[in-house]
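1. need coordinates for the below:
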Amino acid sequence: MNRTRSPRLLLTGEHDCPYLPRRQARNLVVEPGTVQDRGDHTDFSRLGFRRSGNYLYRPHCAGCAACISMRVPVQRFRWRRRHRRCLRHNQDLVAREGPIRFRQEAFELYQRYQQARHAGGPMLAADEFDYLGFMQADWADSRMVEFERDGRLLAVAVLDRLDDGLSAVYSFYEPTLTRRSLGRYTILWQIQYARDLNLPYLYLGYWIAESRKMSYKADFLPVELHLGGSWQLRESL
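-> Numbering: from 1, shown residues only. Below you'll find the predicted structure:
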């Protein structure tokens, strides 16, 4: 990193792991105020950090290294028949990209998604300020992509622009439209968007082999995993 001083990393206390049962988790968090712009965000993303609101963090759990940062090298992405079928099923959607904003229809979609997919989770109780605070950061180059059909909002993808790619922050969608595979579609759209922008990577957060919640990420191959301080290509997971 091109810095006059090394950033301070703060270690959180232990809390219940949101992905693996009966385990305790803790994170390394970049000192607030350290990250200034997209260049800083890119530097930390290359080191395996992830954004949540105004914070950049990386899991740092005692005796566990299950969380592995991953990214898709978009030019090498293998388009399978199921991917193209997903695109066909959603070719009637119109994507509208813009800044992070509050929109009541999107917030209600977010709440339906949380209720269906993460019932009992902490994000279900989010109000307007929690919702926006989770998605945006003062220093991030963030965008919100809304996918509509005939004026009805069906999915939202929040992404960050980095110097070397896009970072998929969060996606939510209409949970009743299972045939559309909207979760898969939002990722495929971001892969193609990164290619259109001539950016090499789509950062997909963390891969946890033991977590069923993460199993969908094995659909986007090949990937690069951050292991031992460097990115390593994997053709399968």
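2. which residues sit against stretch 26-39?
-> The set of residues that contact stretch 26-39 without belonging to it, under Cβ atoms under 8 Å, 6 or more residues apart in numbering, is 2, 7-15, 40-41, 44, 49, 54-62, 137, 139-141, 161-163. Just so you know, the C-beta spots here come from the backbone N, C-alpha and C atoms, and that holds for glycine as well.
3. can you pull out the low-pLDDT segments for this structure?
-> For the chain, the stretches flagged by pLDDT under 70 are 1-5, 119-125.
4. before we move on, back to that, mind listing which of the contacts of stretch 26-39 are in helices?
-> With helices identified by DSSP state H, the entries of these that belong to them are 40-41, 44.
5. in the longest strand seen in the chain, which residues are buried?
-> Criterion DSSP state E: the longest strand present in the chain is strand 152-162. Buried residues in strand 152-162, counted by 16 or more other Cβ atoms under 10 Å: 153-162.
6. would you list those residues in a markdown table and tack on distance to residue 118?
-> Converted to a markdown table, the buried residues of strand 152-162 look like this (distance: Cβ to Cβ, whole Å):
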| residue | distance to residue 118 |
| --- | --- |
| 153 | 19 |
| 154 | 19 |
| 155 | 16 |
| 156 | 15 |
| 157 | 17 |
| 158 | 16 |
| 159 | 20 |
| 160 | 22 |
| 161 | 27 |
| 162 | 27 |
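7. closest to residue 103 out of these?
-> Closest approach between those and residue 103, by Cβ to Cβ: residue 153, at 8.0 Å.
8. surely that closest one and residue 106 touch.
-> Yes: under the criterion of Cβ atoms under 8 Å, residue 153 makes contact with residue 106 at 6.1 Å.
9. return every residue with contacts to both of those two.
-> Common contacts of residue 153 and residue 106 (Cβ under 8 Å, 6+ apart): residue 146.
10. would you map the strands across this protein?
-> In the chain, the strands defined using DSSP E lie at 9-11, 15-16, 24-25, 27-30, 50-52, 55-59, 68-73, 94-98, 142-149, 152-162, 165-173, 201-207, 223-227, 230-234.
11. nearest to residue 112, out of these?
-> strand 165-173 (8.5 Å).
12. okay, the angle between that closest one and strand 152-162?
-> Angular relation of strand 165-173 and strand 152-162 on a 0 to 180 degree scale: 160 degrees, by axes from the mean of the first three to the mean of the last three Cα atoms, to 10 degrees.
13. chain center to strand 165-173, what's the gap?
-> Centroid separation for strand 165-173 versus its chain: 4 Å, with Cα atoms, centre = their mean, to the nearest Å.
14. what is that strand packed up against?
-> Counting by 3 or more Cβ pairs under 8 Å, 6 or more residues apart in numbering; DSSP states H and E, the packing neighbours recorded for strand 165-173 are strand 50-52, helix 104-117, helix 128-135, strand 152-162, helix 182-196, strand 201-207.
15. need these in CSV with distance to residue 36, can you?
-> Converted to CSV, the helices and strands packed on strand 165-173 look like this (distance: least, Cβ to Cβ, whole Å):
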stretch, distance to residue 36
strand 50-52, 14
helix 104-117, 29
helix 128-135, 19
strand 152-162, 14
helix 182-196, 24
strand 201-207, 19
